[in-house]
Every structure is written in structure tokens, then in C-alpha cells.
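Trainee: got a predicted structure plus its sequence, pasted below:
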Amino acid sequence: MFNKKSNSGPLASSIGFEFDFGGDRLAISRTDIREVVGFEPHIPLRERMRAALRSGAASVRDLATVLGEPEGSVRKAVDRDNGRTFIRLEGDGEPLRVGLLDRGR
């Protein structure tokens with residue numbers, strides 16, 4: 001399920017369900033939608049960036065390549081985030097790198 005609109009607060013994260021039809025029973029369990037083949041285009045860029053950065057910081061160029069998105073889109077997502085999820089790692093003359101903000105969780 002993808003939350004596309006909210007009238008009274010931030011959008012909720014996307015969630016997935018797996019339906020297992022076995023004999024005379026139906027089992028429903030939660031699943032990580034990022035692992036479902038074919039769902040990538042439907043997952044918000046911000047969520048895909050967060051998943052890609054769990055293994056460590058990356059340059060905007062590398063992150064854009066991994067996600068199959070234009071560099072400008074990745075850069076704009078970082079700017080719109082305002083430091084809530086991502087941290088900008090800027091160095092003298094080095095390309096912008098992005099990491100996940102550690103919230104102590």
C-alpha cells in the first residue's frame with residue numbers, strides 16, 4: 001500500500017502484505033515492498049534512497065546511478081528532506097556525498 005495523500009500530517013511509509021493461499025487457510029503477513037520485484041518504480045525516491053544508504057554514505061552521482069534516477073532528482077530529495085533523514089557530507093572540492101542521519105536507534 002502506498003500512501004499518496006494526507007490531509008492532516010506527514011505521509012505514512014509504504015507497507016506490503018503477502019497473501020499465502022494454502023489449502024483451506026489464508027495467511028496474511030507483512031513484507032518489505034523494496035524486495036518485491038517490479039515495485040521499484042512505485043516506491044517513493046526518498047524511501048529507495050534510505051534503503052540504498054543503509055550500507056553507508058554515497059556520492060549523489062553514485063546514488064543516482066544505483067537508483068536509476070537523474071542526479072538532480074536525488075539532490076532535490078536531499079534538499080527537501082531538510083536534515084530529517086539525510087545528512088550532507090561536503091568536502092573541499094569533492095562531490096556531494098549523502099548519508100543517513102543517525103537518530104540513535
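Mentor: Thanks, I have it. What you see is a predicted model; the values in this text were computed from it and never measured.

Trainee: which of the residues in the longest helix anywhere in the chain are buried?
Mentor: Counting residues, the longest helix in the chain under DSSP state H turns out to be helix 71-81. Buried residues in helix 71-81, counted by 16 or more other Cβ atoms under 10 Å: Glu71, Val74, Arg75, Ala77, Val78, Asp81. Backbone N, C-alpha and C define where each C-beta goes, glycine included.

Trainee: nearest to Phe19 among those?
Mentor: Set against Phe19, the nearest of these by Cβ to Cβ is Ala77 (31.8 Å).

Trainee: you'd agree the closest one is up against Leu45?
Mentor: Yes - using Cβ atoms under 8 Å, Ala77 makes contact with Leu45 at a distance of 5.2 Å.

Trainee: for Arg34, helix, strand, or coil?
Mentor: For Arg34, the reduced secondary structure class is helix; criterion used: DSSP: H, G, I helix; E, B strand; the rest coil.
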